[in-house]
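Visitor: Whatever this is, show me its structure:
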Amino acid sequence: MIASLAGLALVLGAALAAAVFLPALQIARIDVQGTGYVDPAAVEQAAAQQAHGPLLLLPAHQIRADVEAVPGVSTAEVERSWPDGVVVTVTEGTPVAQLKRSNGTTAILDSTGEELPEAAADGASLMPLAITTPSADPEGAAAAMIAVLETLPDTLRGATTEITASSDADVTLTLQLEDGGTKTVVWGDAEDAALKAEVVQALLGEPGSVIDVSSPVAPVTR
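Guide: Numbering: from 1, shown residues only. Next comes the predicted model:
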């Protein structure tokens, strides 16, 4: 019985090895799905770094990591497509803002602050962000503006026409009021977002053109 089982194991092992290296089961095509503004050729090129050889030995995790490094790709799924194909399905990052850097260049950003291809701006509604000069921490300023944008309630977000900052501690909003006027909101850092939003909404009707909620427990209007 032991000899029979051993023989069977050898036969199965040989069959598996033969199946692994069958020419018909070698990866010959990569199908890319889910792209909009991301260039599918860039996704295919990234996947092709690891998508070769036997389909049975497909390194899906490595391919996914390579594809998710493509600008604009948020997540990726990798599947076998028998007998010789790989299907890569991507989810693109959602553009939310256009950042103007202090040197005049611009970038399209998603909700995490990742830079997206310029094509992502086509047809998108983007919040203008601007790094003001001088800025000793432009990266911190950009991250703080994105963080503030993502925590704004809909009422304030809809009224905001621009967000500016020179650091992670001096984020400022420009609001368009229903009467056609504007107000400047000195938001400060990205902390205490819910409290700051409540205070701003409570003070919108007060006289003055500036609401300072950088310290939300001691707001100032002027």
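Visitor: all helices for the protein, in order.
Guide: 2-20, 40-48, 60-68, 138-151, 154-159, 193-203 (DSSP state H).
Visitor: Please convert those helices to TSV, extending it with distance to Val78, mean neighbour count and mean pLDDT.
Guide: In this view, the C-beta of every residue, glycine as well, is placed from N, C-alpha and C. Shown next, in TSV, are the helices of the chain (distance: least, CB to CB, whole Å; neighbours: other CB atoms under 10 Å; pLDDT from 0 to 100):
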stretch	distance to Val78	mean neighbour count	mean pLDDT
helix 2-20	19	10	51
helix 40-48	7	18	98
helix 60-68	4	18	98
helix 138-151	29	21	97
helix 154-159	36	14	96
helix 193-203	37	17	97
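Visitor: In CSV: those, plus distance to Val86.
Guide: Output for these, formatted as CSV (distance: least, CB to CB, whole Å):
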stretch, distance to Val86
helix 2-20, 16
helix 40-48, 7
helix 60-68, 7
helix 138-151, 34
helix 154-159, 40
helix 193-203, 42
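Visitor: right, and these - which one's nearest Ala121?
Guide: Closest to Ala121 of the helices of the chain is helix 138-151 (CB to CB; 15.8 Å).
Visitor: Now do that closest one against helix 193-203: the angle between them, please.
Guide: 70 degrees (axes from the mean of the first three to the mean of the last three CA atoms, to 10 degrees).
Visitor: Show residues contacting helix 138-151.
Guide: With contacts defined as CB atoms under 8 Å, 6 or more residues apart in numbering, helix 138-151 is touched by 96-97, 99, 101-102, 109, 111-113, 127, 129, 131-132, 135, 157, 160, 163-171, 173, 187, 189-190, 193-194, 197.
Visitor: One more: stretch 91-101?
Guide: Against stretch 91-101 from outside (CB under 8 Å, 6+ apart): 34-38, 72-76, 106-112, 114, 116, 120-121, 124, 126-131, 138, 142, 145-146, 149-150, 163.
Visitor: quick revisit: buried subset of the contacts of helix 138-151?
Guide: By neighbour count, with 16 or more other CB atoms under 10 Å, the contacts of helix 138-151 hold 96-97, 99, 101, 109, 113, 127, 129, 131, 135, 160, 163-171, 173, 187, 189-190, 193, 197 as buried.
Visitor: Can you give me the neighbour number for Asp110?
Guide: Applying other CB atoms under 10 Å, we find 18 residues neighbouring Asp110.
Visitor: show me what contacts the closest residue to Pro207 other than its chain neighbours?
Guide: Spatial nearest neighbour of Pro207, chain neighbours left out: Thr221 (7.1 Å); criterion: CB to CB, 6 or more residues apart in numbering. For Thr221, the contact set (CB under 8 Å, 6+ apart) comprises Leu203, Glu206, Pro207, Gly208, Val210, Ile211, Asp212.
Visitor: What sits closest to Val67 if chain neighbours are left out?
Guide: Using CB to CB, 6+ apart, the closest residue to Val67 is Ala76 (4.1 Å).
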